[in-house]
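> How does the following fold in three dimensions:
(chains A and B)
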Amino acid sequence: MTETSSDNGNPIQIEIFPSRLVRPETAKELLTEISNLDGIIRAFIQGPRLPTQVPYGPAKGSVVNHPSREHIQIGDTDIELSVLVGRIRLEIEDEDVKENLREVCERVLPFGFEFREGLFIQKKQTVSDYAKRGPGADPKLLGLYDPKSKVDNITVLNSEESEA
Amino acid sequence: MAYEPQFYPGATSVAENRRKHMSGDVEKLREISDDDLTTVLGHRAPGTDYPSTHPPLAEMGEPECSIRELVEPTAGAKAGDRVRYVQFVDSMYNAPSTPYFRSYNAAINFRGVDPGTLSGRQVVEARERDMEAIAKFQLETEMTCPALASLRGATVHGHSLRLQEDGVMFDMLERTVLENGQIMAVKDQVGRPIDKKVDMGKPMSDEEAAKRTTIYRVDNVAYRDDAEVIEWVHRVFDQRTKYGFQPL
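Below you'll find the predicted structure:
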C-alpha cells in the first residue's frame, strides 16, 4: 500500500527488556541517553498503564495520583509518562548503533536487562491503520500508534535535525 | 498414639513453608493494630460497632436442633455480623504465600469461612469480625511480605508483572508506598484514600523472601528438586486416572 520506513535501507529492530519496571527518573536518564545517540530512527515505550482515575470497583472515579505518572523532559520536549516503563522497542540504522545502545543500557540500568534483536514494530499497514490514516500515511508512524486510541501520544524528537 | 496431620510432602524449604502455612504454625513478624486493619479493609469506620444483619443468636430464639447444639457458632455469627471480604494478592516473584496456601490456611485453621482461590488473588468471605481475625493473622505473620503481597479488592494485576525498581509489587492504584524502608498504606483495599497512613511493616530482603516462599521457581527451589513431592503428585495422578478408567 505505502512505502514504509523499513523499506529505506535495512534497519534493525531492538527490544530492551529491563528486569524490573523502571522508575521515571531512570527512564528519563535512559531515554535522554538514547535520544542523544545517532542512528535511532524511532522508538516506543510500553508498560503497565498508570490511570488518572480508578477505572472500576467501589472507588471508581477517584483520583489515583500515581507518583510514577510524571512529566519527563527529553531535550526540549516534555513527555507525560502514562505507563511505567517496562520495555523499549527501537528501530536503528546499523550494528554500530546497537552496540552503543547496549553500552547505554549497561550504564543506566543497574538491575540487568534483556537485549534482543527481532521484528517488534510492524512494517506494513494493517487494515485498521489504513482505515484510520488512509493511503498517504507517514510510514514513520507505522506501528507507533494504536489505531483505536483517541489520544495522540507520538512525540517527534530532534525534528530540526531530521528535516535538515 | 494421637494423629498428627502431615499436610504436605517434601524435604525442601518450599515444602516446609507450605506445611507451615497449612498448619497455621507460622512466625509472627509484625504488629498491626485493630484500627489500622479496619482502616485498610475499608468496610467500616475504625472504632465503630460492627453493623449486623440479624439480632444476636441468643436473642433470636433458635429452633431446637441437635446440630445447633453441637456446633458452637463463631463470634461473628453469634453477634449477627454482616458477611464481608478480604482479598490478598501475592507476587509471583517469591511472595511468601500463594492463593492456594492462603485458602488452605483459612479453611483448615478458621471456622465459618468461604475462601475463594483464583489465579492471581485470593478472597475470604466471612462474618466481619471472623474475617478480620483471618486478615490480621495473615498480615502479621510470615504469610505476608508487605512489598510482595498486598490487600487489593480491585485491580489486582500487579501479581504477574515484574517488580518495580524498588522491589515492590506494581500497583496501578498505588495503595501502598515505600517510605523510609517501611511499606505505608495510603489507600484502602479498593483504592479510596484513607485519613492516616498505616504502617504495614518492613519488606523482606530478597534472601529472606526466597527462604520463606511457598513458590517453586527454577531460580530458587525448583519443583523437580523435590523428589517426594513429585512422587506423591505422580501417585495422585496415577490413582485418579485408574479410578476414572471404567472399561465396559
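> and B:Asp226, what is it in contact with?
B:10-12, B:14-15, B:216 (C-beta atoms under 8 Å, 6 or more residues apart in numbering or on different chains). C-beta coordinates here come from the backbone N, C-alpha and C atoms, glycine included.
> One more: A:Phe120?
A:13-15, A:89.
> Name the helix or strand for residue 14, please.
Going with chain A. Using DSSP states H and E, A:Ile14 sits in strand A:12-18.
> wrong one, I was asking about chain B
helix B:13-23.
> just to revisit the earlier point, now do the buried residues in the following helix or strand past the strand holding A:Ile14.
Following strand A:12-18 in sequence order, the next helix or strand is helix A:24-36 (DSSP H and E). Buried residues in helix A:24-36, counted by 16 or more other C-beta atoms under 10 Å in any protein chain shown: A:24, A:26-31, A:33-34.
> Could you point out the helix or strand that follows helix A:24-36?
Past helix A:24-36, the next helix or strand by DSSP H and E is strand A:40-46.
> For that next one, list every residue counted as buried.
Buried-residue list, strand A:40-46, by 16+ other C-beta under 10 Å: A:40-45.
> Okay, now the sheet partners of it, with direction.
strand A:87-92 (antiparallel) (DSSP bridges).
> tell me the angle the strand it pairs with makes with strand A:12-18.
Orientation check (axes from the mean of the first three to the mean of the last three C-alpha atoms, to 10 degrees): strand A:87-92 against strand A:12-18 gives 160 degrees.
> how about the CA coordinates for strand A:87-92, as PDB?
The C-alpha trace of strand A:87-92 is given here as PDB (Å, rounded to 0.1, in the frame of the first residue of the first chain):
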ATOM      1  CA  ARG A  87      10.200  -2.300  27.700                       C
ATOM      2  CA  ILE A  88      11.600  -0.100  24.900                       C
ATOM      3  CA  ARG A  89      11.500  -1.100  21.300                       C
ATOM      4  CA  LEU A  90      13.600   0.800  18.800                       C
ATOM      5  CA  GLU A  91      14.400   0.900  15.100                       C
ATOM      6  CA  ILE A  92      18.000   1.700  14.500                       C
END
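> next one: it to chain centre, how far?
Strand A:87-92 sits 7 Å away from the centroid of its parent chain (C-alpha atoms, centre = their mean, to the nearest Å).
> In contact with the residue minimising distance to the centre of chain A, which residues?
When C-alpha atoms, centre = their mean is applied to chain A, the residue found nearest the centroid is A:Phe44 (1.3 Å). By C-beta under 8 Å, 6+ apart, the contact set of A:Phe44 is A:88-89, A:121, A:143-144.
> Which members of those residues define the maximum pairwise distance?
A:Ile88 and A:Gly143 (13.9 Å; C-beta to C-beta).
> So for B:Lys187, what's the pLDDT?
Per-residue pLDDT puts B:Lys187 at 95.
> likewise A:Gln122?
84.
> burial of it, as a residue count?
By the measure other C-beta atoms under 10 Å in any protein chain shown, the count of residues near A:Gln122 is 13.
> Then B:Gln189?
Here the number of neighbours of B:Gln189 (other C-beta under 10 Å) works out to 26.
> what's the answer for B:Thr74, then?
The tally of other residues near B:Thr74 (other C-beta under 10 Å) stands at 18.
> The one 5 residues further on too?
B:Ala79: 20 surrounding residues under other C-beta under 10 Å.
> From the contacts of A:Phe44, pick the one nearest chain B.
A:Ile88 (14.0 Å; C-beta to the nearest C-beta).
> before we move on, the earlier item: which residues are contacting the strand holding A:Ile14?
Contacts for strand A:12-18 (C-beta under 8 Å, 6+ apart): A:85-95, A:97-98, A:101, A:105, A:109, A:111-121, B:162.
> and what of stretch B:89-100?
Contacts for stretch B:89-100 (C-beta under 8 Å, 6+ apart): B:17, B:21, B:88, B:102, B:105, B:117-122, B:138, B:142-145, B:148-152, B:156, B:158-160, B:162-163, B:169, B:204, B:206, B:209-210, B:212-215, B:217, B:220.
> In that stretch, which of the residues would be classed as buried?
B:89-99.
> With just CA atoms, put it into CSV.
Extracted in CSV, the C-alpha atoms of stretch B:89-100 (Å, rounded to 0.1, in the frame of the first residue of the first chain):
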residue,chain,number,x,y,z
VAL,B,89,-2.7,-10.5,46.0
ASP,B,90,0.7,-12.3,46.1
SER,B,91,3.5,-11.5,43.6
MET,B,92,4.9,-14.4,41.5
TYR,B,93,8.4,-13.2,42.5
ASN,B,94,8.9,-15.2,45.7
ALA,B,95,6.0,-13.8,47.6
PRO,B,96,5.7,-15.8,50.9
SER,B,97,2.2,-17.2,50.2
THR,B,98,0.1,-18.0,47.1
PRO,B,99,-3.7,-18.1,46.7
TYR,B,100,-3.9,-21.8,47.3
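> CA atoms only for stretch A:42-55 - export them in CSV, please.
Only the C-alpha atoms of stretch A:42-55 are listed here, as CSV (Å, rounded to 0.1, in the frame of the first residue of the first chain):
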residue,chain,number,x,y,z
ARG,A,42,12.1,5.6,16.0
ALA,A,43,11.2,4.0,19.4
PHE,A,44,8.3,3.3,21.6
ILE,A,45,7.9,2.5,25.3
GLN,A,46,5.5,0.0,26.7
GLY,A,47,4.5,-1.0,30.2
PRO,A,48,1.6,-1.2,32.6
ARG,A,49,-0.8,1.7,32.4
LEU,A,50,-1.0,4.4,35.1
PRO,A,51,-4.6,5.7,35.1
THR,A,52,-5.5,9.1,36.4
GLN,A,53,-8.8,7.7,37.8
VAL,A,54,-9.8,4.4,39.4
PRO,A,55,-11.3,2.6,36.4
